[in-house]
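Colleague: just coords:
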């Protein structure tokens, strides 16, 4: 990735599409698929920008407010993964903070995901879990929190970069501001 502005333009477009609307479009399978695609692409872009140091620590260290719901003890597999109310205790959700890289990996490695609308018909939350933690909990991520992250990352152009060689890893530790 040579120039990040083109990726950030797409991220800004996705952030704008997630804003609440007074008159949201009617539900359709197409609309649902477009939002799912945009969220997946948005988190891939955020992860890529962070890994290539094309955003500052403002984006990398952003604390996303998310919610975890523990499993009910049943194994999650290909035939039951859509039954989240049976598999996860949605009443016992716990507020947590996670970094964009962690949440990006939940989307990129999603085992199951569900997008919800609120009473105003705006997209409100995504329940998502990666294949790695599917038997531990499921995450509820407010769409407003994702929109906020994408907006921050889309406008984040680091003004300095600092590299220090780390002999333990055989690579450079990089920090940006």
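Modeller: Arrived safely. A quick note: this is a predicted structure, and the numbers were derived from the prediction, not measured.
Colleague: only C-alpha atoms for contact and neighbour calcs from this point on.
Modeller: Fine.
Colleague: tell me which helix or strand of this structure sits lowest on mean pLDDT?
Modeller: In the chain, no helix or strand scores lower on mean pLDDT, DSSP states H and E than strand 171-176, which sits at a mean of 88.
Colleague: give me the sheet partners of it and which way each runs.
Modeller: Paired neighbours of strand 171-176 in the sheet (DSSP bridges): strand 161-166 (antiparallel).
Colleague: just give me how far the partner strand sits from the chain centre.
Modeller: Centre-to-centre, strand 161-166 and its host chain are 28 Å apart (C-alpha atoms, centre = their mean, to the nearest Å).
Colleague: kindly report the same for stretch 94-105.
Modeller: Distance, centroid of stretch 94-105 to centroid of chain: 8 Å (C-alpha atoms, centre = their mean).
Colleague: pull out the buried positions in the least confident helix or strand of the chain.
Modeller: 175-176 (16 or more other C-alpha atoms under 10 Å).
Colleague: show me where pLDDT drops low in the chain?
Modeller: 1-2 (pLDDT under 70).
Colleague: show me where it has strands.
Modeller: 64-70, 94-98, 110-117, 123-130, 137-142, 161-166, 171-176 (DSSP state E).
Colleague: need the winner for burial among those.
Modeller: Among the strands of the chain, ranked by average contacts under mean count of other C-alpha atoms under 10 Å, first place goes to strand 137-142 (a mean of 23).
Colleague: tell me the angle that strand makes with strand 94-98.
Modeller: 80 degrees (axes from the mean of the first three to the mean of the last three C-alpha atoms, to 10 degrees).
Colleague: direction included, what does strand 137-142 pair against?
Modeller: strand 64-70 (antiparallel), strand 123-130 (antiparallel).
Colleague: what residues does it touch?
Modeller: Surrounding strand 137-142, the residues in contact under the criterion C-alpha atoms under 8 Å, 6 or more residues apart in numbering are 65-71, 88, 124-129.
Colleague: as a quick check, tell me the outermost residue of the chain.
Modeller: Computed with C-alpha atoms, centre = their mean, the maximum C-alpha offset from the centroid of the chain is found at residue 167, amounting to 32.3 Å.
Colleague: how about it, phi and psi?
Modeller: phi -60, psi -20 (degrees, to the nearest 10).
Colleague: so how far is residue 8 from it?
Modeller: Using C-alpha to C-alpha, to the nearest Å, residue 167 is found at 33 Å from residue 8.
Colleague: repeat for residue 16
Modeller: Applying C-alpha to C-alpha to residue 16 and residue 8 gives a distance of 12 Å.
Colleague: which of the two has more neighbours?
Modeller: residue 8 (25 against 14; other C-alpha atoms under 10 Å).
Colleague: thinking the more buried one is in contact with residue 152, fair?
Modeller: No. The pair residue 8 / residue 152 is not scored as a contact, 9.9 Å apart, by C-alpha atoms under 8 Å.
Colleague: nothing else from me, thank you.
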